[in-house]
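>>> pasted the sequence and its predicted model underneath.
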Amino acid sequence: MGVYLSTPKTEKFSEDGENDRLRFGLSSMQGWRATMEDAVTYLTSLIHAAYPDLDSMTSFFGVYDGHGGQAVSKFCAKYLHQQVLQHEAYSAGDIGTSLQKSFLRMDEMMRGQRGWRELAVLGDKIDQVSGLIEGLIWSPRSGEANNHFDDWSSEEGPHSDFDGPTQGSTACVAIIRNKQLIVANAGDSRCVISRKGQAYNLSKDHKPELELEKDRILKAGGFIQVGRINGSLNLARAIGDVEFKQNKTLPAEKQIVTANPDINAVELCDDDEFLVLACDGIWCMQDTCMPCLLANLSERFLYQAIGQTQTDLKLEWDCMSSQQLVDYVREQLSSETKLSAICERVFDRCLAPTAGGEGCDNMTMILVQFKRPIGSGTLEEQQEQQLLTDQTATTDKSASGSGSGSGPELESGS
């Protein structure tokens, strides 16, 4: 069957929801790829009863882009949020630390007999009639909320010495608690916020050529060849990919490939319009591919010169920069109230006309629109928010010192 299909699968799997503070829509599409390896998770205050650790002020969104198979991305979608909510740091209000530890915990959980069994089950969950991948979208109705206190006890069996999967996955997660937004990222999925129409990247694409990544890779005994680690993987951080994590003298954070995420915490304000989390199927990596360079230089001038909107003109390219996506979403929001429909339109716009274009990957996107005024709540909630703000500031300093935090500054995505 090969890596690509002869005809893309354009069926979308979408959902929408909202609570007192936000609205969200999400969608996934397989596209040209022979298999669907993306997965997504969402938790909001509406399911507080199912997840008592998730207080009424908090929402969780995550996108996971698998490579080499679907098992690791689905494993993360099923279990990463559980680990975040169970971690003692989360209970203490230190969301950044709970995220960091939970990313690293995924690699630990996928080892041994229990890890092997879970991955085998998740990797085989495909409805042979419809082709729909079970567990593509994880939420409490899936039934896993009832056993989320599982202590992950070890099992004995023929795969007790299983060292972990050779498959891997990115992970890009956003936790919104009242006015605080905490983003954790490992890999090249991306989180972008629109503030008064300006795109700001809240995550970094972890490519091997970045100086920080390159330094770690070389010190751990790896090499970079044509933009790929050991000539193979084009990501410097990922969950799974055990073959790049075999140096027994180094901690997980210093392996050739690490699951250690960047943590970025920002305070939301009334200028913040919406948040996007998406896998790399829609992004131009580093916003420097030729279509994006040309478009960023000319498209706004062209629209102004001929008096047409982006939708009217229908300029086509197979991927978007962060700013292009923000511009497109803002335009769509003027006439479309269903957020998942906007995600679907993004996919249609980015889908390459042939299997040789940029937009040939699986596509997954979450669009979160903030309600105004942002962060309004009861006095008790406001007091808890102040406690979170103080604790998050401590987390940022700690993360920056270890090289895992990108700090609270907003980086323009234009």
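All right, it came through fine. All values reported here derive from a predicted model rather than from experimental measurement.

>>> can you pull the alpha-carbon coordinates of stretch 202-215 into PDB?
Extracted C-alpha coordinates of stretch 202-215, given in PDB (Å, rounded to 0.1, in the frame of the first residue of the first chain):
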ATOM      1  CA  LEU A 202       3.400  29.100  22.400                       C
ATOM      2  CA  SER A 203       5.500  26.100  21.400                       C
ATOM      3  CA  LYS A 204       8.700  25.400  19.500                       C
ATOM      4  CA  ASP A 205       9.100  22.900  16.600                       C
ATOM      5  CA  HIS A 206      11.800  20.600  18.000                       C
ATOM      6  CA  LYS A 207      13.900  19.900  14.900                       C
ATOM      7  CA  PRO A 208      17.400  18.400  15.100                       C
ATOM      8  CA  GLU A 209      19.100  21.500  13.600                       C
ATOM      9  CA  LEU A 210      18.200  23.700  16.600                       C
ATOM     10  CA  GLU A 211      21.300  24.500  18.600                       C
ATOM     11  CA  LEU A 212      19.900  23.300  21.900                       C
ATOM     12  CA  GLU A 213      18.700  20.000  20.300                       C
ATOM     13  CA  LYS A 214      21.800  19.500  18.300                       C
ATOM     14  CA  ASP A 215      24.000  19.900  21.300                       C
END
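
>>> show residues contacting it.
Under the criterion C-beta atoms under 8 Å, 6 or more residues apart in numbering, residues 172, 174, 181, 183, 185-193, 217, 224, 227-229, 233-237, 262, 264, 266, 275, 280, 283, 285-286, 403, 406, 410-411 lie in contact with stretch 202-215. Where C-beta positions appear, they are placed from N, C-alpha and C, glycine not excepted.

>>> show me which of those are buried.
Among the contacts of stretch 202-215, the ones that count as buried by 16 or more other C-beta atoms under 10 Å are 172, 174, 181, 183, 185-193, 217, 224, 229, 233-237, 262, 264, 266, 275, 280, 283, 285, 406.

>>> just the ones of those residues in helices?
Mapping these onto helices (DSSP state H) picks out residue 217.

>>> wait, what's in contact with the residue nearest the centre of the chain?
For the chain, residue 172 is the residue whose C-alpha lies nearest the centre (C-alpha atoms, centre = their mean; 2.5 Å). Neighbouring residues of residue 172 by C-beta under 8 Å, 6+ apart: 62-64, 183-187, 189-191, 203, 277, 279.

>>> turn the residues you listed into TSV, including distance to residue 10 and pLDDT.
Output for those, formatted as TSV (distance: C-beta to C-beta, whole Å; pLDDT from 0 to 100):
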residue	distance to residue 10	pLDDT
62	24	98
63	19	98
64	21	98
183	30	99
184	31	99
185	28	99
186	29	99
187	25	98
189	21	97
190	22	97
191	25	98
203	27	97
277	21	99
279	16	94
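
>>> and those, which of them are in strands?
Among the contacts of residue 172, the ones falling in strands (DSSP state E) are 62-64, 183-186, 190-191, 277.

>>> ok, so of those residues, who is nearest residue 252?
For residue 252, the nearest member of the ones in strands among the contacts of residue 172 is residue 186. The distance, counting by C-beta to C-beta, is 11.3 Å.

>>> touching, that closest one and residue 258? I think so.
Yes. At 7.5 Å, residue 186 counts as touching residue 258 under the criterion of C-beta atoms under 8 Å.

>>> now the common contact residues for those two.
residue 237.

>>> and the end-to-end length of stretch 267-284?
Start to finish, the residues bounding stretch 267-284 are 27 Å apart (C-alpha to C-alpha, to the nearest Å).

>>> could you do stretch 174-192 as well?
Start-to-end, stretch 174-192 (C-alpha to C-alpha) is 10 Å.

>>> repeat that for stretch 237-252.
So stretch 237-252: terminal residues 11 Å apart, C-alpha to C-alpha.

>>> give me the contacts around it.
For stretch 237-252, the surrounding residues in contact (C-beta under 8 Å, 6+ apart) are 67-68, 72, 76, 103-104, 106-107, 110, 163-171, 186-187, 206, 213, 220-222, 229-230, 233, 235, 254-261.

>>> of these, keep whichever come out buried.
Neighbour counting by 16+ other C-beta under 10 Å classes 67, 72, 76, 103-104, 106-107, 110, 163-165, 167-171, 186-187, 206, 213, 220, 222, 229-230, 233, 235, 255-261 among those as buried.

>>> please flag which of the residues you listed sit within strands.
Using DSSP E, the buried ones among the contacts of stretch 237-252 in strands are 67, 168-169, 171, 186, 229.

>>> coming back round to it: turn the ones in strands among the contacts of residue 172 into TSV, columns for distance to residue 36.
Listed next are the ones in strands among the contacts of residue 172 as TSV, based on distance: C-beta to C-beta, whole Å:
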residue	distance to residue 36
62	17
63	13
64	12
183	25
184	24
185	21
186	21
190	19
191	21
277	17
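
>>> quick check: the farthest pair among these?
Spatially, the most separated pair among the ones in strands among the contacts of residue 172 is 64 and 183, at 14.4 Å (C-beta to C-beta).

>>> from residue 342, how far off is residue 348?
Per C-beta to C-beta, to the nearest Å, residue 348 is found 11 Å from residue 342.

>>> more neighbours: those two, which one.
For the pair residue 348 and residue 342, the greater number of neighbours falls to residue 342 (23 against 12), based on other C-beta atoms under 10 Å.

>>> identify the residue spatially nearest to that one, adjacent ones excluded.
In this structure, residue 342 finds its nearest non-sequential neighbour in residue 332, 4.5 Å apart by C-beta to C-beta, 6 or more residues apart in numbering.

>>> show the pLDDT at that neighbour.
With respect to pLDDT, residue 332 scores 98.

>>> and the helices in the stretch 51-200 of the chain?
71-86, 88-91, 95-109, 112-122 (DSSP state H, counting those that start in this stretch).
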